[in-house]
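A.B. asks: Quick one: sequence plus predicted model below, questions after.
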Amino acid sequence: LRRHPARPGLRATHRPHPHNSRFLVDAFRHAGDFSVAYFLSHFHSDHYAGLGPSWRRGLVFCTAPTARLLASVLSVPPELIVSIDIDVRITVDGWSVVAVDANHCPGAVQFLFTSPGPNPERYVHTGDFRYTHSMRSNPNLLEFVGADALFLDTTYCNPKFTFPSQEESLEYVVNTIKQVKEESGAAGERVLCLIATYVVGKERILLEVARRCRCMIHVDSRKMEILTVLGFGGEKGVFTEDASATDVHVIGWNILGETWPYFRPNFVKMKEIMVERGYTKAVGFVPTGWMYETKKEGFAVRVKDSLKIHLVPYSEHSSYDELRDYVKFLHPKRVIPTVGVDGGKLDGKEAIALQKHFVGLVDETANKHEFLMAFNRRSAHASLSHEDVLAKCCREQDGEEFALPENNSVSELPDNSEIKITEGMKKELSDFLPSWVNQDQIQGLLMSSGGDVVQSASAFFERERDFFEEANVSNNEKPKSVEIRTSDHGSSADTSSQQEVPSFSQKPMEHSAKLVNLTPVRMNSNQTKKERKRGSSTVNKSKKKGKSTASTEAGGRKQPTITNYFGRAPAAASKSESANKVTVDPHQNNGENNNQSMDIVESHKQGVDQLLQIVDGSMSRESAISLLEKTKGDVNVAVDMFYSKIQNNNVPDSDKSIVPQNTQNEMIDKYDNTNMVHNSSQATPKMQNLYVQTSVAQADSMNISLPVEKYLPIEHG
DNA sequence: GCGATCAGCT
DNA sequence: CACAGCTGATCGC
């Protein structure tokens, strides 16, 4: 595991808690001889990637619906699939394992692991999940309060992600369809309703529409197959493959339009489908996790001729608030993000950035250990190695009481009783906070917390959260012209208590314990270890980028892709320090330096057009221009600011200082490759020894510390 | 020749 | 940097 390459010791490195399991969760690509059991949290390709007909490496534990899909869709050898019941404890390789509902897609679970031994380690792996308050009363989860680590689905781990409860969105879809049906019925015409979904997930929308609009739902054969496997098919007759049986059809994801980075409808395709199926009007629904636009009138709608597309924020991932609620509830010693981190580097930039959001919600004691470790590493005269310190800390974590070790550099710890703000503390805190926070704010935070860095960071994120929450509430309070009734948001999890998560969570836990005696299954023991780190993608992007830039023209069918979009450089000359590392889109470089102001105007104009396209008329050209001036031409930041502002008309300007202003800084300053290579070459030999030992002496391998990065489901892309 | 991975597209 | 996922091409053993 690597430390911060450039400035060793300056950052409180969030080193993963070591543990001894030989499990992998959602990481089938990274299977190796070091693991003896595999867990799949749910059936989405980014989690099951690596599984297939030729899977031989070991048993795969998952829920029954997932198990059926594995066998029928992926043709994984059935003898390697172990289906486990939700909320039923099993024992695998000495560890206790429980799956609890994840409120994600059908069959999705979180896994709870408890190590054997007198001082058990406890780990929670959320898979993908959407938090609901009902989880607080799940007795299995309750046993994991204070867990050693929480592997968390951080998909929407940013305050800008807020969305309504699923009920609210469901209501919207159902009501809209009802209305369409009424109107069209009165007019004696037929209107095609299209609902976009992906292969597994968001079924609830379909079921609710069927139930409450009293109609069937048309699906293609592939979707039907999956629905059948999931138990939704059959005679009950909600779903049909007969297109003429109903006007409500399910359609593939991304057919009605591209959804990222902002929604661009594909009316051409939509019309094609409409005509194909013999209709003259069509209404589409795109249930997306993102609030693309925050309009006062409700959810975004795109119209063209007889076509209409509703963007419905319907998320099966936790919102920012929900994530924080969950962390607050579980109060783990550590949060380990599983989404949005690069290649499993747990103390990499991204992971640390994500972990920042939970400062103050995780276990205090563990936090202090983090700092202790950081400070120990920092002091040149520290006689203990990193590992020594870590070991020491961990031992203490297992004990009851936190006490500072007395014989090493304790004196360097910040002293809470002394309100003296040192440069070091500011540095430390600034490492924890987003880059746009200025020195004054850092000073202020430290002052008001009496010089406690952790508390300062915590206060900051608390404040930021409140900011967004308030913005959202004030937005939702505005009268709506549409028929949706928005209850108080921010408490979306509250409203979901009526959302009836199955009652099995109340089952007594000891009820039906199963035992799986796991002898390591290793069909092909001579598998080659492919420890190849993929060169982090910086190299081979050129092709893609070239293509996308080429398609930018004429705003016609092909629209600029994300690469193009975020590759945009701020063109202004006044760009400060952050300008140095920004990638420059060649197209942007229409660059005679002679007439600099013309350049600025020109490039801003491009940006203005883009910005206007994104906000889709919610903003005047003048506002767009002035906003872009503020962001020095950075469209991305402008979009962020725009949506922050629009949500937030009621907040006094003084409070707006905490609106993110420079996401750019987050994107630059990548690690340089030299360091990565160096560090991994340090780590690899050691790890390989471990693998050998693991595969030779399985019984004895419990005291081997498996690198946690191997344990992770990370690797998204 | 095979499986794993990637590019491209839906 | 990112709500999924299929497919055919390409890489690499």
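C.D. replies: Yep, that arrived.
A.B. asks: Tell me the secondary structure of residue A:282, please.
C.D. replies: Here residue A:282 is recorded as strand under DSSP: H, G, I helix; E, B strand; the rest coil.
A.B. asks: what about it, how many neighbours?
C.D. replies: Neighbours of residue A:282 under the rule other CB atoms under 10 Å: 26. Quick note: C-beta positions are derived from backbone N, CA and C, even for glycine.
A.B. asks: what's the answer for the one 3 residues further on, then?
C.D. replies: The tally of other residues near residue A:285 (other CB under 10 Å) stands at 27.
A.B. asks: Over to residue A:341?
C.D. replies: By other CB under 10 Å, neighbour count at residue A:341 equals 25.
A.B. asks: swap in residue A:139?
C.D. replies: 14.
A.B. asks: May I have the phi/psi pair for it?
C.D. replies: Main-chain torsions, residue A:139, degrees, to the nearest 10: phi -60, psi -30.
A.B. asks: got it, and residue A:336?
C.D. replies: Dihedral angles for residue A:336 - degrees, to the nearest 10 - are phi -120, psi 110.
A.B. asks: again, but for the one 3 residues further on
C.D. replies: Comment: the main-chain dihedrals of residue A:339 come out as phi -130, psi 140, following degrees, to the nearest 10.
A.B. asks: Does residue A:41 touch residue A:24 like I think?
C.D. replies: No - checked against CB atoms under 8 Å, the pair residue A:41 and residue A:24 is beyond contact range at 11.4 Å.
A.B. asks: For the two, indicate the residue with more neighbours.
C.D. replies: The residue with more neighbours, out of residue A:41 and residue A:24, is residue A:41; 30 against 27, by other CB under 10 Å.
A.B. asks: A strand includes that one, no?
C.D. replies: No - with three-state DSSP as the criterion, residue A:41 is coil rather than part of a strand.
A.B. asks: Name the nearest residue to it, sequence neighbours excluded.
C.D. replies: Spatial nearest neighbour of residue A:41, excluding adjacent residues (CB to CB, 6 or more residues apart in numbering): residue A:127 at 2.6 Å.
A.B. asks: Ok, residue A:439 next?
C.D. replies: Residue A:439 sits nearest to residue A:426 (CB to CB, 6+ apart), 6.9 Å away.
A.B. asks: Tell me the secondary structure of residue A:50, please.
C.D. replies: coil.
A.B. asks: What segments of the stretch 1-150 of chain A are helices?
C.D. replies: All helices of the stretch 1-150 of chain A, identified by DSSP state H, counting those that start in this stretch, fall at A:45-48, A:64-74, A:139-142.
A.B. asks: so which of the ones you listed gets nearest DNA strand C?
C.D. replies: DNA strand C lies closest to helix A:45-48 among the helices of the stretch 1-150 of chain A, at 3.3 Å (CB to the nearest atom of the strand).
A.B. asks: Any chance of the backbone angles for the residue nearest to residue A:41?
C.D. replies: Torsion angles, degrees, to the nearest 10, at residue A:127: phi 60, psi -140.
A.B. asks: With residue A:425 instead?
C.D. replies: Dihedral pair for residue A:425: phi -70, psi -40, per degrees, to the nearest 10.
A.B. asks: how close does it get to residue A:363?
C.D. replies: Applying CB to CB, to the nearest Å, the value for residue A:425 to residue A:363 is 22 Å.
A.B. asks: likewise residue A:207?
C.D. replies: Look at residue A:207 and residue A:363: by CB to CB, they are 40 Å apart.
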